[in-house]
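> coordinates only, sequence not included:
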């Protein structure tokens, strides 16, 4: 007899709700995903500042509504600075293309690391970026099966405004097959040494 049980992995939904953001321009799904991921790591981020890395600016110095290709997204991800706690950080982002390695994806989600993915749906000419933040899995014998994926979609549709962009992907194989690029993200943090002052 084979026993199986399901379980969920990934970043808790309440945390993703707190860091979620809607894209402010129609083509800024990529910069908004980067904003959400950085905020999940305790890093202040704004999609317009991220977009400025790639997009030209208008007369007033604001970034225009522009898409980004895979290499440009990778460039925009590789940021450095200080997090909300004053620690120095550096983003290490690796671009991976189709096909998705499910074992690696499982490990990333298991370690509470959000994964940015770019995918095409049907006959879409332009891709869309979302974040995989969790999964529901089932252990069958010695094999782990990903049965559902939990994503956060930054598109400004009303349904996303209500649900904080949370969607459940049940057709996992179909969704995985539609992904043409994805990014595994690590954050290197260095605590900043602070001087201790004595009061008299």
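Everything's here; your move. Here the structure is a predicted model, which means the values were calculated and not measured.
> ok, which stretches of the chain are strands?
4-10, 80-82, 88-97, 115-119, 128-140, 143-152, 166-169, 179-190 (DSSP state E).
> and the second one, which strands flank it?
Taking DSSP bridges as the criterion, strand 80-82 sits next to strand 88-97 (antiparallel) in its sheet.
> what residues of the partner strand count as buried?
For strand 88-97, the neighbour count (16 or more other C-beta atoms under 10 Å) marks 89, 91, 93, 95, 96 as buried. Placement of C-beta: from N, CA and C, glycine included.
> list the contacts of the third one.
Spelled out, it's residue 93. Each residue near residue 93 by C-beta atoms under 8 Å, 6 or more residues apart in numbering is listed here: 74, 77, 78, 183, 184, 185, 186.
> please repeat the previous calculation with a cut-off of 10 Å.
For residue 93, the contacting residues are 34, 37, 73-79, 116, 183-187, by C-beta atoms under 10 Å, 6 or more residues apart in numbering.
> tell me the average confidence for stretch 71-91?
The average pLDDT within stretch 71-91 is 92.
> equivalent analysis for stretch 108-118, please.
Mean per-residue pLDDT for stretch 108-118: 97.
> stretch 156-176 now?
Mean pLDDT, computed over stretch 156-176, is 96.
> and what of stretch 138-149?
Averaging pLDDT along stretch 138-149 gives 91.
> just stretch 43-52 next, same as before
95.
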